[in-house]
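S.K.: Would you be able to build a 3D model of this:
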Amino acid sequence: MMTTHWDETFPIIRLNGAGARDFLQGQTTADLRKTVHGMLQQSCWLTATGRLRAVLELRLDDDGADVLVLAGDTDAMTQGLDQVIFPADRVRMGERRLQRRVQALRPESSAAWIDDESNLPTELTGSRRLLSTELEQRRLKLGFPPGQAELTGNTNPFELGLAQCVSLDKGCYLGQETMAKLAGRAGTKQQLRCWVSPHQLNSGEQLFDGETRAGVVTSRLELESESWVGLALIRRQYLSCGQLIGPNGQVVTLERPELFQDPPSPD
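M.R.: Reported below is the predicted structural model:
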């Protein structure tokens, strides 16, 4: 059976200067102190209150850093970073560009940045590029990367299964205080789940356990088999429910996204 891969172009924000590592250490969620030059490191950009604004892939080099925006508003992030750069940071904004990124869609697979005309990495030789509809179906199954419907400005990385992108012991960074509280006694109020149903549901519609609201649909896609798949944010007390009911009696089966990483357990 032929394997498939994700092959897409993403915007990159360039940061020039010797202080790029330290600057990104204070602005994003990953711990970059031991990140090797050339290595791809996923991270998040948050608001001061811990709301997720963008999912990033960072690559450090001798002259600065490339910040690839996997999900989120690139313009907003460019403006946000530019507003907090000071001369003492030893970093300056460079030119934006587009970058081709390829990856096998398996939990253990790694991504690669390649030139537009380059051959695929050896491990992807003979693999077929996923079409847009196929890619969206796979994204919904993986739960990654979050789409616009999940990046509403009201969600945090732990709710969306991005715990692997968040360091809890690297010191201060934008949104760190909220992340620490969520990893402590607070915990998350909701988590992302995949759903499947033979019936149509729309983004924004509520899901119920009996007459009690249990979650909300964020994304959905119709399949050729006349069924529907999507993502939903499910309240914590209903995560163990195998099925929920839509607003018009639709039966919805819940599954854990394949790439979802559990948030830290509250104390």
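S.K.: for the chain, longest strand please?
M.R.: strand 4-16 (DSSP state E).
S.K.: Report the buried residues of that strand.
M.R.: 4, 5, 6, 7, 10, 11, 12, 13, 14, 15 (16 or more other CB atoms under 10 Å). The way it works is simple: take the backbone N, C-alpha and C, and place the C-beta from them, glycine included.
S.K.: contacting residues for residue 163?
M.R.: 157, 261, 262, 263, 264 (CB atoms under 8 Å, 6 or more residues apart in numbering).
S.K.: coming back round to it: so what does the longest strand of the chain touch, helix or strand wise?
M.R.: On a contact count with 3 or more CB pairs under 8 Å, 6 or more residues apart in numbering; DSSP states H and E, strand 4-16 meets strand 64-72, helix 74-84, strand 92-93, strand 97-104, strand 128-129, helix 132-142.
S.K.: Go ahead and name everything in contact with that strand.
M.R.: Against strand 4-16 from outside (CB under 8 Å, 6+ apart): 23-24, 57, 63-70, 74, 77-78, 81, 91-105, 120, 124, 127-130, 134-135, 138.
S.K.: just stretch 231-242 next, same as before
M.R.: 140, 143, 147, 149-150, 155, 159, 187-195, 207, 209, 213-220, 244, 252-254, 257.
S.K.: ok so, going back, what element comes up after the longest strand of the chain heading to the C-terminus?
M.R.: Per DSSP states H and E, strand 4-16 leads on to helix 20-27 as the next helix or strand towards the C-terminus.
S.K.: now that next one against helix 74-84, angle please.
M.R.: Relative orientation of helix 20-27 versus helix 74-84 (axes from the mean of the first three to the mean of the last three CA atoms, to 10 degrees): 100 degrees.
S.K.: count of residues packed around residue 102?
M.R.: Using other CB atoms under 10 Å, residue 102 has 20 neighbouring residues.
S.K.: Bridged to it, which residues?
M.R.: residue 7, residue 112 (DSSP bridges).
S.K.: quick revisit: okay, the helices and strands packed on strand 4-16 in JSON lines with distance to residue 229 next?
M.R.: Listed next are the helices and strands packed on strand 4-16 as JSON lines, based on distance: least, CB to CB, whole Å:
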{"stretch": "strand 64-72", "distance to residue 229": "19"}
{"stretch": "helix 74-84", "distance to residue 229": "28"}
{"stretch": "strand 92-93", "distance to residue 229": "39"}
{"stretch": "strand 97-104", "distance to residue 229": "21"}
{"stretch": "strand 128-129", "distance to residue 229": "21"}
{"stretch": "helix 132-142", "distance to residue 229": "5"}
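S.K.: tell me the most buried of the ones you listed?
M.R.: strand 64-72 (a mean of 22; mean count of other CB atoms under 10 Å).
S.K.: pLDDT weak spots in the stretch 101-250 of the chain?
M.R.: Scanning the stretch 101-250 of the chain for pLDDT under 70 picks out 107, 186.
S.K.: Tell me which stretches of it form strands.
M.R.: In the stretch 101-250 of the chain, the strands defined using DSSP state E, counting those that start in this stretch lie at 111-114, 128-129, 190-197, 206-209, 212-222, 228-235, 243-245.
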